[in-house]
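Asker: here you go, sequence then predicted model.
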Amino acid sequence: MATIAGDRQTASRGAIPATRRRSRLMGERLYFQIGLILPSVLVLLLFQVVPIFIGMDASFRRWSLYDPDKTWVGLEHYRYVLSDTNFLFTVLPNTFLLMVASVSLSLALGMAVALLLHRGFAAQRLVQTVVLLPLMIGPVISSTMMRWTFNDQFGVVNAFLGWLGLGQPAWLADRWYAFGVIVFTDVWLWTPWFALLLLAGLKSLPKEPFEAAALDAAGRWRVFTHITVPMLRPVIGVCVVIRAIDCFRTFDQVWLLTGGGPARSTEVFSIYVYMEAFQNLNFARGSAAAVIGTLIIMVAGLALYALINRFMDVSR
Amino acid sequence: MSLASSAAPLPRPTGLFDLLRPGARAAFTILAVSAVLLLFLAPIIILVVTSLRPGWGVYYIYRGTEFTLANYFEVFQRGVVIKAFVNSFVLSTVATIISLGVTVTSGYMLSRFKGWLPKTWFTSIYVFRTVPYISWVLPLYVVNQSLGLYDTFTGILAAHVAVHVCFFSWIMKGFFDGIDPSMEYAAMIDGCTRWGAFRRVALPAAGPAIAALGILSWLWTWNEFLFALILTGNRTPLLTVTMAQFVTELGTEWNLMSAMAVMAMIPAIIITLFAQKYVIQGLRI
């Protein structure tokens, strides 16, 4: 008896008018959602959003020791950066050149490695382990070892070139050789990332089109260009967009290999900002350059995404 | 590609590659594999060999046969090196735990809910992921200095947690997308709260993927350079910056620097050898 009464009681308590119950539920849902993202939002606000606004504010002021008031100077720093020939004709071209060279080369090489790993052979596991290594070792150690490998006097590369009877360039003392070493290091670092993601993509492809192509006696190259690449398009597109955007902020490799030299000729965007802020001790000007760079990559990233989305159907 | 096996009973497809004899194809595979191995292993081997040569033998590492472990002992006689290793180890561990803890709920929310709030949050994550690190770490340097956090463990920890928020939320969303939510609904019908359904049902199911991400996060923090360069100084030495100082301050002590780089590489190698499966699983986009 008591249980029946209890049941009736809960039933009557549950009988709130439908609209009120829904709104109560919605409220609870919303609070739950807010609670779930609250820690992330707080961290993001405190340590990224607030600093970004402080940086933006600083970029409009004179920020130096002899000016404690931090006088508002408007667009002065922006004018300086945007009329700095170094920024316009060295830093920006370098940044985008590195982006194009690194992304295209590591995509091509990564695709080759992924196809190789996908074929299957005896030492596959060993190769996969070795391919994973650069990704785990990271830019600092790999730049260090590349700097040593490409050392002009004692490096192994020059020893090998000498053994072949070829010229031994001073790799890091010439703008384009040094830039080549930076690109090489970046490709070395990121080819594995492309290879592993493309390999996962290859493994998830349906088998039927390949079987049909085999029945039609299609050549390997035709299978690759007409079936593999079109079906991998979404993966390739996402990889390229992510990598290109990340490549824009490259710092470690350039800083450790050349430090932006010789004579500031291999500087990229992040190095330029760092140099302005910490070498020339002009925090405000560095901030202005940082804001300009952020706007550039946001526009470029959006354009790249739109372009790739149009030709590759990423969001399919 | 099941090309080779499925095509076996049929006339072989013709193409340049298939005109070559099977022996030549095997040779091609061997060549390609050796090229890949050489490209990715050679610099590492050069580094290891350099670290084992005595100081005077370093300059032509391919000549001579003297090998020694003295570099490793010498590196560890410098107090700053041990401090840097300990600091980096603690920082990587703590930063990983906190970032995973902060972002796991955010990823869950992005995966399970629809509406204006998840949409807005997802867009902000997308936008903030494109902001170059230097653009917020540079002002963070000023913030940390005014708060007295410059060159402290807390200061660098905050940066490391902040940098992971966007990326990890995004990846965790992918983890939870791969888990069927019907179990959580069942748990909620059986009297679980929303939070209980998340904690008791969804979280254990996503455990392995989260662990994989944790391994990667640990290594990324271990390898990080820019934050350490800007936000720390002599009081809080970190591995990567200490290593870089071997180059600039001491000129060409390549044997010592290689020894330190090899030591710094050990976690990466251990993880690659023993946790490969998890790492590849965590490397999603």
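Answerer: Looks like it arrived, so ask away.
Asker: A:Asn86 - nearest residue in space that isn't next to it in sequence?
Answerer: Counting by C-beta to C-beta, 6 or more residues apart in numbering or on different chains, the nearest residue to A:Asn86 once its immediate chain neighbours are dropped is A:Arg264, at 6.3 Å. Where C-beta positions appear, they are placed from N, C-alpha and C, glycine not excepted.
Asker: ok, that neighbour - how many residues close by?
Answerer: A:Arg264 sits with 16 neighbouring residues when counted by other C-beta atoms under 10 Å in any protein chain shown.
Asker: okay, now the residue in the stretch 201-316 of chain A positioned nearest to chain B: neighbour count?
Answerer: Of all residues in the stretch 201-316 of chain A, the one sitting closest to chain B is A:Gly219 (3.0 Å; C-beta to the nearest C-beta). Residue neighbour count, defined by other C-beta under 10 Å, stands at 17 for A:Gly219.
Asker: any idea how far A:Leu133 is from it?
Answerer: A:Gly219 sits 34 Å away from A:Leu133, taking C-beta to C-beta, to the nearest Å as the criterion.
Asker: shaky segments in the stretch 1-150 of chain A?
Answerer: A:1-27, A:65-67 (pLDDT under 70).
Asker: for the residue in it that chain B sits nearest to, what is the enclosing helix or strand?
Answerer: Here the residue of the stretch 1-150 of chain A nearest chain B is A:Gly138; by C-beta to the nearest C-beta that distance is 3.0 Å. Element membership of A:Gly138 [criterion: DSSP states H and E] is helix A:124-149.
Asker: tell me the secondary structure at A:Pro262.
Answerer: Per DSSP: H, G, I helix; E, B strand; the rest coil, the secondary structure class of A:Pro262 is coil.
Asker: just the element for the one residue sitting closest to the centre of chain A, please.
Answerer: Ranked by distance to the mean C-alpha position of chain A (C-alpha atoms, centre = their mean), the top residue is A:Asp246 at 1.8 Å. Applying DSSP H and E as the criterion places A:Asp246 in helix A:229-248.
Asker: average pLDDT across that helix?
Answerer: Per-residue pLDDT values across helix A:229-248 average out to 88.
Asker: check which residues of it are buried.
Answerer: Within helix A:229-248, the residues that count as buried by 16 or more other C-beta atoms under 10 Å in any protein chain shown are A:231-248.
Asker: next SSE after that helix?
Answerer: Of the helices and strands lying after helix A:229-248 in sequence (DSSP H and E), the nearest is helix A:252-257.
Asker: show me what that following helix is packed against.
Answerer: Packed against helix A:252-257, as judged by 3 or more C-beta pairs under 8 Å, 6 or more residues apart in numbering or on different chains; DSSP states H and E, are the following elements: helix A:124-149, helix A:175-203, helix A:269-274.
Asker: apply 7 Å and report the result again.
Answerer: Other helices and strands packing on helix A:252-257, by 3 or more C-beta pairs under 7 Å, 6 or more residues apart in numbering or on different chains; DSSP states H and E, are helix A:124-149, helix A:175-203.
Asker: between the shortest one and helix A:175-203, how many degrees?
Answerer: Counting by axes from the mean of the first three to the mean of the last three C-alpha atoms, to 10 degrees, helix A:124-149 points 170 degrees away from the direction of helix A:175-203.
Asker: quick one on the thing from earlier: among the buried residues of helix A:229-248, which are in reach of chain B?
Answerer: Contacts with chain B are made by A:238-239, A:242, A:245, A:248 out of the buried residues of helix A:229-248, judged by C-beta under 7 Å from any C-beta of the partner chain.
Asker: thought A:Ile54 was touching B:Leu138?
Answerer: No: distance between A:Ile54 and B:Leu138: 9.8 Å, which falls outside the contact criterion (C-beta atoms under 7 Å).
Asker: who's more crowded, those two?
Answerer: In this comparison of A:Ile54 against B:Leu138, neighbours counted by other C-beta under 10 Å, the higher total goes to B:Leu138 at 28 against 18.
Asker: which residue ranges make up the domains of the chain?
Answerer: You didn't pick a chain, so chain A it is. Here the domain parsing of chain A from automatic domain parsing is A:16-51, A:81-312.
Asker: that was the other one, I meant chain B.
Answerer: B:14-72, B:74-282.
Asker: in TSV: those domains, plus distance to A:Leu75 and mean pLDDT.
Answerer: TSV is the format used below for the domains of chain B (distance: least, C-beta to C-beta, whole Å; pLDDT from 0 to 100):
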stretch	distance to A:Leu75	mean pLDDT
domain B:14-72	46	79
domain B:74-282	18	88
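Asker: tell me how many other residues crowd the residue of the stretch 101-250 of chain B found nearest chain A.
Answerer: Minimum separation of the stretch 101-250 of chain B from chain A (C-beta to the nearest C-beta) falls at B:Asn223, amounting to 3.0 Å. Residues within reach of B:Asn223, counting by other C-beta under 10 Å, total 23.
Asker: separation between it and A:Arg119?
Answerer: Note on B:Asn223: its distance to A:Arg119, by C-beta to C-beta, is 31 Å.
Asker: now swap in B:Val36 and tell me
Answerer: Distance of B:Val36 to A:Arg119, computed by C-beta to C-beta: 12 Å.
Asker: of the two, who's got more company?
Answerer: In terms of neighbours (other C-beta under 10 Å), B:Val36 is the more surrounded of B:Val36 and A:Arg119; the figures are 20 against 15.
Asker: contacts only, for the more buried one.
Answerer: Under the criterion of C-beta atoms under 7 Å, 6 or more residues apart in numbering or on different chains, the neighbours of B:Val36 are A:113, A:116, A:127, A:131.
Asker: just the pLDDT for A:Val157.
Answerer: Predicted confidence (pLDDT) for A:Val157: 87.
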